[in-house]
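In: here is a sequence together with a model predicted from it:
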Amino acid sequence: MTDVLLYVEQNIGIFHQKRIQSLDGLKLSNVLKRKNPYLFKAKYVLTAEQIIKGLVNAHISSNEETVFGDWLEGLAIFINEKVYGGCKSGITGIDLEFDKNGIRNIVTIKSGPNWGNSSQIAKMKLDFKTAQKTLRTSNSGLQIVAVNGCCYGRDNKPDKGDYYKYCGQLFWEFISGESELFTEIIEPLGYKAKENNDEFIKSYSQMINKFTKEFANIFCNNKGEIDWDKLVRFNSAALSQRKNAPPVI
């Protein structure tokens, strides 16, 4: 467990750095094009700052889930390497490979249990089958178990037929052999959290102020009211109608 604590303390800063980098690289035009302007109108949004916070907060929420999911995947691989000698897989669609009790385990790691639609799950199953064929090329008798590991949550029916789905406690125990690891890793995740979050809040506040000013300059009239026609045209006008839309920002 000492190695795990040290790994978390030394690497959790990467997550916070990527949070800030995501904000630094954000452009107002990109987030405006991704968000539904009709929703803002239906919710009776009246100020530029309300719109900007809605846009930026939605981006942050989506980005953080992805970035932290990738970080947890790295932690899981590190732990498994220490315990079972596992490694990051070189096979497409497979994140982790390790041997346990004479069985080769191939694992694709997701953040939580509700990660994909039917097409994405079908793609995962195909990746498992392709990986099994690849591994059996050099060892036809190799026993292989496919696992979809989820870092949090639960699934009370882990046997999916073609593969197993281990979530939360079951996943962390599966890769480490420790039944309580899922609770033990939570404490070190808070290492220097306040200091890192203070830096993030500073960048976030600057972004809100900057985007609010840009938005008001382009999409608010002289009275300070949001020009919804102009905003909808920027978001949704056909290319042939772009001459009537605001300039790209």
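Out: Right, received. Where do you want to start?

In: tell me how far the residue nearest the centre of the chain lies from Ile103.
Out: Closest residue to the average C-alpha location of the chain: Thr66 at 1.0 Å, with C-alpha atoms, centre = their mean. Distance of Thr66 to Ile103, given as C-beta to C-beta, to the nearest Å: 31 Å. Every residue, glycine included, has its C-beta placed from N, CA and C.

In: what's the mean pLDDT across the lengthiest helix in the chain?
Out: In the chain, assigned by DSSP state H, the helix with the most residues is helix 48-84. Helix 48-84 carries an average pLDDT of 91.

In: and the next helix or strand past it?
Out: Per DSSP states H and E, helix 48-84 leads on to strand 87-88 as the next helix or strand towards the C-terminus.

In: so what strands line up beside that following strand?
Out: strand 96-100 (antiparallel) (DSSP bridges).

In: re the thing from before, quick check: closest non-adjacent residue to the residue nearest to the centre of the chain.
Out: Nearest-residue entry for Thr66: Ser111, 7.9 Å, with adjacent residues in sequence omitted and distances by C-beta to C-beta, 6 or more residues apart in numbering.

In: OK, contacts around that neighbour?
Out: 65-66, 68-69, 72, 150-152 (C-beta atoms under 8 Å, 6 or more residues apart in numbering).

In: for Gln17, which residues are in contact?
Out: Counting by C-beta under 8 Å, 6+ apart, there are no residues that Gln17 touches.

In: following the strand or helix carrying it, which helix or strand shows up next?
Out: Assessed by DSSP H and E, Gln17 sits inside helix 2-24. The helix or strand immediately downstream of helix 2-24 is helix 28-34, counting by DSSP H and E.

In: what residues of that next one count as buried?
Out: For helix 28-34, the buried set under the neighbour-count rule, 16 or more other C-beta atoms under 10 Å, comprises 28-29, 31-32.

In: for that helix, name the packing helices and strands.
Out: Using 3 or more C-beta pairs under 8 Å, 6 or more residues apart in numbering; DSSP states H and E as the contact definition, the elements that helix 28-34 packs against are helix 48-84, helix 193-219, helix 228-236.

In: let me have those in JSON lines, extended by distance to Leu5.
Out: Formatted as JSON lines, these follow (distance: least, C-beta to C-beta, whole Å):
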{"stretch": "helix 48-84", "distance to Leu5": "11"}
{"stretch": "helix 193-219", "distance to Leu5": "15"}
{"stretch": "helix 228-236", "distance to Leu5": "47"}
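
In: nearest to Ile185, of those helices?
Out: Nearest to Ile185, of all those, is helix 48-84, at 7.2 Å by C-beta to C-beta.

In: the closest one vs helix 2-24, what angle?
Out: Relative orientation of helix 48-84 versus helix 2-24 (axes from the mean of the first three to the mean of the last three C-alpha atoms, to 10 degrees): 150 degrees.

In: same for helix 48-84, what does it pack against?
Out: By 3+ C-beta pairs under 8 Å, 6+ apart, helix 48-84 packs against helix 2-24, helix 28-34, helix 37-42, strand 87-88, strand 96-100, strand 103-110, helix 169-176, helix 193-219.

In: how is the protein carved up into domains?
Out: 1-85+192-249, 86-188 (automatic domain parsing).

In: give me phi/psi at Cys167?
Out: Torsion angles at Cys167 (phi, psi; degrees, to the nearest 10) stand at phi -120, psi 150.

In: likewise for Lys192?
Out: Dihedral angles (degrees, to the nearest 10) for Lys192: phi 50, psi 30.

In: ok, now which ones touch it?
Out: 12-13.

In: quick revisit: the residue nearest to Thr66 and Leu75, how far apart?
Out: Applying C-beta to C-beta to Ser111 and Leu75 gives a distance of 12 Å.

In: likewise for Ile175?
Out: Using C-beta to C-beta, we find Ile175 at a distance of 10 Å from Leu75.
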